[in-house]
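J.: here is the input, now give the coordinates:
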Amino acid sequence: MFLNRIIYGIEFFVVLVVEIIKAVLDTSMCCLKGDVDPIVVEIKPDLKRPVSLAILSNTITLTPGTITIGMDQEAGSLTVSAITPRATKDIIPLEPIIKKMLE
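T.: Residues are numbered from 1 along each chain as shown. Model prediction:
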């Protein structure tokens with residue numbers, strides 16, 4: 001079990017770096033085109049542990065173009081601001097990896 005968490009941790013790091021690079025390119029193109037339409041959405045990820053929710057919140061904030069502006073641990077929800085409208089799965093692509101790694 002411990003070895004699985006290490007493997008998922010490595011996968012998490014690699015996917016996070018790839019998502020950050022994709023978000024940098026996407027955010028840059030949106031800003032250069034002037035295609036900025038900020039939105040605020042509430043997301044309810046399928047994570048049970050508070051540490052999992054905190055890690056997901058930090059990964060959202062690390063990704064350019066999105067920022068977590070609120071976290072309700074009791075309800076298990078995050079309030080996220082994005083510079084362009086996006087689907088929930090595009091805002092939290094790392095949720096399944098965090099779930100496998102920590103839950």
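J.: distance of Leu16 from Thr61?
T.: Remark: distance between Leu16 and Thr61 (C-beta to C-beta, to the nearest Å) = 12 Å. C-beta: built from backbone N, CA, C; applies to glycine.
J.: who has more neighbours, the two?
T.: Leu16 (17 against 14; other C-beta atoms under 10 Å).
J.: quickly find the element holding the more buried one.
T.: Leu16 belongs to helix 2-33 when assigned by DSSP states H and E.
J.: is Ile67 bridged to anything, and to what?
T.: Ser81 (DSSP bridges).
J.: tally of neighbours for it?
T.: 16.
J.: could you do the one 5 residues further on as well?
T.: Neighbour count for Asp72, taken as other C-beta under 10 Å: 12.
J.: pull the contacting residues for it.
T.: Residues in contact with Asp72, defined by C-beta atoms under 8 Å, 6 or more residues apart in numbering, are Leu78, Thr79.
J.: for it, grab phi and psi.
T.: Phi and psi for Asp72, reported as degrees, to the nearest 10, are phi -110, psi 100.
J.: that one pairs with what?
T.: Where Asp72 sits in a bridge, its partners, by DSSP bridges, are Ser77.
J.: chain center to the lowest-mean-pLDDT helix or strand in the chain: distance?
T.: Lowest on mean pLDDT, DSSP states H and E among the helices and strands of the chain sits helix 88-91, with a mean of 90. Distance, stretch centre to chain centre, for helix 88-91: 8 Å (C-alpha atoms, centre = their mean, to the nearest Å).
J.: after that helix comes which helix or strand?
T.: Criterion used, DSSP H and E; the element after helix 88-91 is helix 95-102.
J.: mean confidence for stretch 3-14?
T.: The predicted model assigns stretch 3-14 a mean pLDDT of 94.
J.: let me fix that: stretch 64-74
T.: Averaged across stretch 64-74, pLDDT comes to 94.
J.: list the contacts of Pro93.
T.: Pro93 neighbours (C-beta under 8 Å, 6+ apart): Val15, Glu19.
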